[in-house]
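Student: here's a sequence, model it:
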Amino acid sequence: MGKVRHAEVSSASSDTGPIGAAEVEFITAARSSDTAQFALLTEQYRRELQVHCYRMLASYEDAQDMTQETFLRAWDRRETFQGRAALRTWLYRIATNCCLDFLEKRRDRTPVPAELPEAGSEVRYLRPYPDSALPDDPQETTVARETIELAFIVAVQHLPPRQRAVLILRDILGWSARQAADALELTVASCNSALQRARSGMREQLPDGRLDWRAASTKQLTPDERVLVDAYMAAHEHFDSDKLASLLREDLRFAMPPQPGVWVGRGATVAAWIEGGLGTPEYSDWRCVATTVNKQPAVAMYLRKPGDTVHRAFAVDVLRVTDGLVAEIITFDETVFGVLGLSEVVDG
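Tutor: Residues are numbered from 1 along each chain as shown. Predicted coordinates for the structure are as follows:
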């Protein structure tokens, strides 16, 4: 797992104060090796830690693995926790360093030729995050401000790992410069410098250069989004290419990770779909189901091929909507249906 970082196992930080009840319970469980109590105290943080790991890694499956690794490391190093920082803060430190260790190895395990994608390119290891796995009560936790939309997740991946971590700890979790520096074994000055570089990088990547990227608190589609999604589904099911094109912005971006390439432009994208067979007898019998993924409008696409009796999972289109039109489509293949809790087939 790479070197063991001192910051990962120390509980000292700038948020020292009276030790809380959860911290007292954790120390008691740690000293007595009470695995049941340890699990009870740490499990409550699983979903928000998983979202944190997802921001770092852009893959739901990898985020699950690193969250589990976080708990394993926390158990192994439980006796180092002294309660001088909140248990939650301590776990976030461990999770962050788990992700940094993982990122050091990602180049060897991914088909992407370099760890960092080039500016404006796709992130081929990107995977969707199911809304059902988000924290149960985001209004009451820091996760209420989580940036989970795919445009943000993709933009973060263009940052070097340590800059990525600083940005997430400072701007998303709201940690102080001292806390982030301690967690990452940086000086405060170098931490602040990394944050400024990260913010600059994000301005180049996010739509309109925005840094105030906030996902909606609801999982439900707005009325306007619902109208657009319904029209998008109808255009596919009846293969009306003109209607479909009218729902897309002229500067539309389209990607299909892990496949290479980003299509830019409404005309180029629709032409690529038609060239790929959309509308031919083999790719004309569609059923579409509206859903949400990464707190964005999404459409589950089911295809019935000639001779089949049911429509089978084909792809999930995740949509970014701007000014009433689709500005970006990221398409995931049928392997994500199970993770997203979607049916694998629908009746004809």
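Student: CA only for contacts and neighbour counts going forward, please
Tutor: Will do.
Student: test my guess that Gln50 contacts Ala63.
Tutor: Yes - assessed by C-alpha atoms under 8 Å, Gln50 is found in contact with Ala63 at 5.5 Å.
Student: can you pull the residues that touch both of these two?
Tutor: Between them, Gln50 and Ala63 share no contacting residue under C-alpha atoms under 8 Å, 6 or more residues apart in numbering.
Student: report pLDDT for Thr142.
Tutor: Thr142 carries a pLDDT value of 47.
Student: repeat that for Leu57.
Tutor: Leu57 carries a pLDDT value of 97.
Student: and for it, the neighbour number?
Tutor: Using other C-alpha atoms under 10 Å, Leu57 has 27 neighbouring residues.
Student: the residue lying closest to it once chain neighbours are set aside: which element?
Tutor: The shortest distance from Leu57 to any non-neighbouring residue, by C-alpha to C-alpha, 6 or more residues apart in numbering, is to Ala63 (6.7 Å). Per DSSP states H and E, Ala63 falls inside helix 60-76.
Student: who's in contact with that helix?
Tutor: Helix 60-76 has contacts (C-alpha under 8 Å, 6+ apart) with 30, 38, 42, 46, 49-54, 57, 91, 94-95, 98-99, 127-129.
Student: list the buried ones in that helix?
Tutor: Buried positions in helix 60-76, judged by neighbour count with 16 or more other C-alpha atoms under 10 Å: 60, 62-64, 66-71, 73-75.
Student: one more: stretch 262-280?
Tutor: Buried-residue list, stretch 262-280, by 16+ other C-alpha under 10 Å: 262-263, 265-266, 269-270, 278-279.
Student: Pro135: which of those is nearest?
Tutor: Val262 (31.6 Å; C-alpha to C-alpha).
Student: just checking, the closest one touches Leu252?
Tutor: No - Val262 is beyond contact range of Leu252, at 10.2 Å (criterion: C-alpha under 8 Å).
Student: list the buried residues for the longest helix anywhere in the chain?
Tutor: Using DSSP state H, we find that the single longest helix of the chain is helix 87-109. For helix 87-109, burial by neighbour count (16+ other C-alpha under 10 Å) applies to 87-103, 106.
Student: what about the helix or strand following that helix, average pLDDT?
Tutor: Downstream of helix 87-109, the first helix or strand assigned by DSSP H and E is helix 150-157. For helix 150-157, mean pLDDT rounds to 92.
Student: ok, then the element right after helix 150-157?
Tutor: helix 161-167.
Student: strands of this protein, start to end?
Tutor: Counting by DSSP state E, residue ranges of the strands within the chain are 248-255, 262-264, 286-293, 296-303, 310-322, 325-333, 345-347.
Student: pick the most buried one from the ones you listed.
Tutor: strand 296-303 (a mean of 24; mean count of other C-alpha atoms under 10 Å).
Student: can you list the strands that that strand pairs with?
Tutor: Strand 296-303 has the following strand partners under DSSP bridges: strand 286-293 (antiparallel), strand 310-322 (antiparallel).
Student: direction-wise, compare the helix holding Ala63 with helix 87-109 and give the angle.
Tutor: Angle, helix 60-76 to helix 87-109, by axes from the mean of the first three to the mean of the last three C-alpha atoms, to 10 degrees: 130 degrees.
Student: using CSV, write out every CA atom in helix 60-76.
Tutor: The C-alpha coordinates for helix 60-76 follow below in CSV (Å, rounded to 0.1, in the frame of the first residue of the first chain):
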residue,chain,number,x,y,z
TYR,A,60,-17.8,3.7,-7.9
GLU,A,61,-16.3,0.2,-7.6
ASP,A,62,-12.8,1.6,-6.7
ALA,A,63,-14.4,3.9,-4.2
GLN,A,64,-16.1,0.9,-2.5
ASP,A,65,-12.8,-0.9,-2.4
MET,A,66,-10.9,2.1,-0.9
THR,A,67,-13.7,2.7,1.7
GLN,A,68,-13.3,-0.9,2.9
GLU,A,69,-9.5,-0.4,2.9
THR,A,70,-10.0,2.7,5.0
PHE,A,71,-11.8,0.6,7.7
LEU,A,72,-9.2,-2.0,7.6
ARG,A,73,-6.4,0.5,8.1
ALA,A,74,-8.4,2.2,10.8
TRP,A,75,-8.7,-1.1,12.7
ASP,A,76,-5.0,-1.9,12.2
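Student: begin at 427 from here
Tutor: Yep, numbering from 427; the last one is helix 486-502 now.
Student: return the distance of it from the chain's centre.
Tutor: 16 Å (C-alpha atoms, centre = their mean, to the nearest Å).
Student: quick one: Pro587 from Lys531, how far?
Tutor: Between Pro587 and Lys531 the distance is 12 Å, computed by C-alpha to C-alpha, to the nearest Å.
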